[in-house]
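Engineer: this is a predicted model, with the sequence first.
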Amino acid sequence: MEPQQPGRGARPDQPRRHAGPKHALRPEQRQTGQRPPQQQPRQPQQRPTPPPGRRPTPANGQRTAPQRRQQAPGNQPPQRRQLGPPPGHPHYQGPPFGADHVAFEEPPRNTGVALTLWIAFLMVLGFTIASVAWIAMSNEDWTTMRSQERQENSAARRPPEGIPAEERPEVPKVRVPEMAMWAPGTLIASTDHYPQPGEHFTAQTCTVAFSFSSAAGKNYAVTAGHCGDEGDLVWPTSASTAADYKREAGKFIYSGLSSPGAENIDVGIIEITDPDRYMPLVGDVIPTGLYTGDMKKGNKICKTGGTTGYTCGTFEASDRAQIIRTDGDEERETNGDLGKVCALPGDSGGPVFYEVSGRAAIIGVVSGTEAGRAKEPCDAPDSKDKTMSYSSYEQVTQVIDKVVPDALWIDQAW
């Protein structure tokens, strides 16, 4: 009978034996006499910490019903009545496992809020209907008023029946220069040569009526013809040193009293050679516009001059002969319009203007005056009775068309 191998054919009630030691030594360990390493005891596995806000799972893996949060004293939720049979009743149906739901009584509906909203809606609807009706009635009144206003305005613009068409009132027409380098009322002084340092000389002071430009790109100014002869130099009245007289601000290119072929019209034309030169001004700035209409006796007219400034009077007559005195005390006869306005030497060449639609429109250029010959101040008792002569708009434009035929103008209705 063969002996049984260890571990084989053993009976179930006998413990199983191992063929070798529990921990066998390796050959290298037997030679060195080392003991086999001891096994470390197995540590229990730690479960990960659940994230914040999540209930931890019990060790047995079963979840329990959620715990109700403890309410602070004095902050308890209101008690709600449970519907249905209580627990333990044969017909009680509890919540599913792990649920924490309880059937509560449905709160009563708030019918007061709905009624309030309905009343508010009716009020808004009624207000809207009333507003539409009021606007419709008001529009009817406005339409009537506007229609009447249009008829009145139309009647005011139309001449009364029976007036000829040529006498119907028209919109005032004004001629405006395309470019005006010097403003009306600019003060000037004129000499016949360049003053030298230390020299005593005499310069005639006058006033500029207005300025304009030409298609060639040049700038011109209009003053009285007796203020300078052709070729005379023009300076600002503020010039006082030798440096101020090194370069002129302009030059006379025509005088209606002394130039060859002149027609004895007291109008002079200056070409502005230094447009950047500072030129002093008298009085307030007025727009540069020439009135093309006719004047009637008694119309209010005014003038601006370097000596007396701003004075006013009335229009008297047109195209009348007058005697003026030149620089050499020579008397010359010329024609022009007349007005009861005071003026003195130094005012010559200034603008004479008439109010058109609330703005000053130039009607001429100051020429001479009775007060100037008598050398009476404008504040004298009889100064308002003195007559001033001036070159009219027609005379001024006649000279401009002759000397500067390419002058640029714009016709406007003021």
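Structural biologist: Yep, it's here.

Engineer: parallel or antiparallel, list what pairs with the longest strand anywhere in the chain.
Structural biologist: Ordering each strand of the chain by length in residues (DSSP state E) puts strand 309-325 first. Applying DSSP bridges to the sheet, strand 309-325 is found paired with strand 300-305 (antiparallel), strand 331-340 (antiparallel).

Engineer: how about the ones you listed, which one is nearest residue 314?
Structural biologist: Shortest distance between residue 314 and the strands paired with strand 309-325, using Cβ to Cβ, is found for strand 331-340: 5.0 Å. C-beta here means a position set from N, CA and C on the backbone, and glycine is covered the same way.

Engineer: show me what counts as buried in that closest one.
Structural biologist: Residues 332, 334, 335, 336, 337, 338, 339, 340 are the ones in strand 331-340 that count as buried (16 or more other Cβ atoms under 10 Å).

Engineer: now do the strands in the stretch 251-400 of the chain.
Structural biologist: In the stretch 251-400 of the chain, the segments counted as strands under DSSP state E, counting those that start in this stretch are 268-272, 290-291, 300-305, 309-325, 331-340, 351-356, 359-369, 388-392.

Engineer: just put those in TSV and tack on distance to residue 207 and mean pLDDT.
Structural biologist: Compiled in TSV, these are given as follows (distance: least, Cβ to Cβ, whole Å; pLDDT from 0 to 100):
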stretch	distance to residue 207	mean pLDDT
strand 268-272	12	98
strand 290-291	17	96
strand 300-305	5	95
strand 309-325	10	87
strand 331-340	16	86
strand 351-356	8	95
strand 359-369	7	92
strand 388-392	12	94
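
Engineer: re the thing from before, ok, of the buried residues of strand 331-340, which one's closest to residue 134?
Structural biologist: Taking Cβ to Cβ as the measure, residue 134 lies nearest residue 339 of the buried residues of strand 331-340, at 60.0 Å.

Engineer: and the gap between the closest one and residue 284?
Structural biologist: Plainly put, residue 339 is 20 Å away from residue 284 if you go by Cβ to Cβ, to the nearest Å.

Engineer: what is the burial count for residue 398?
Structural biologist: When neighbours are defined as other Cβ atoms under 10 Å, residue 398 has 16 of them.

Engineer: excluding chain neighbours, what is closest to it?
Structural biologist: Of all residues not flanking residue 398 in the chain, residue 265 sits nearest, at 6.9 Å (Cβ to Cβ, 6 or more residues apart in numbering).

Engineer: picking that back up, got the CA positions of the longest strand of the chain in PDB?
Structural biologist: Extracted in PDB, the C-alpha atoms of strand 309-325 (Å, rounded to 0.1, in the frame of the first residue of the first chain):
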ATOM      1  CA  GLY A 309     -19.600 157.500 -33.900                       C
ATOM      2  CA  TYR A 310     -23.200 156.500 -34.200                       C
ATOM      3  CA  THR A 311     -25.800 159.200 -35.100                       C
ATOM      4  CA  CYS A 312     -29.300 159.000 -36.600                       C
ATOM      5  CA  GLY A 313     -31.800 161.200 -38.400                       C
ATOM      6  CA  THR A 314     -34.200 161.200 -41.300                       C
ATOM      7  CA  PHE A 315     -33.900 160.800 -45.100                       C
ATOM      8  CA  GLU A 316     -34.600 164.000 -47.000                       C
ATOM      9  CA  ALA A 317     -33.900 163.800 -50.700                       C
ATOM     10  CA  SER A 318     -32.000 162.000 -53.400                       C
ATOM     11  CA  ASP A 319     -29.700 163.000 -56.300                       C
ATOM     12  CA  ARG A 320     -28.900 166.500 -55.100                       C
ATOM     13  CA  ALA A 321     -25.900 168.600 -56.000                       C
ATOM     14  CA  GLN A 322     -23.400 169.200 -53.200                       C
ATOM     15  CA  ILE A 323     -20.100 170.900 -52.700                       C
ATOM     16  CA  ILE A 324     -17.300 169.000 -50.900                       C
ATOM     17  CA  ARG A 325     -13.800 170.100 -49.800                       C
END
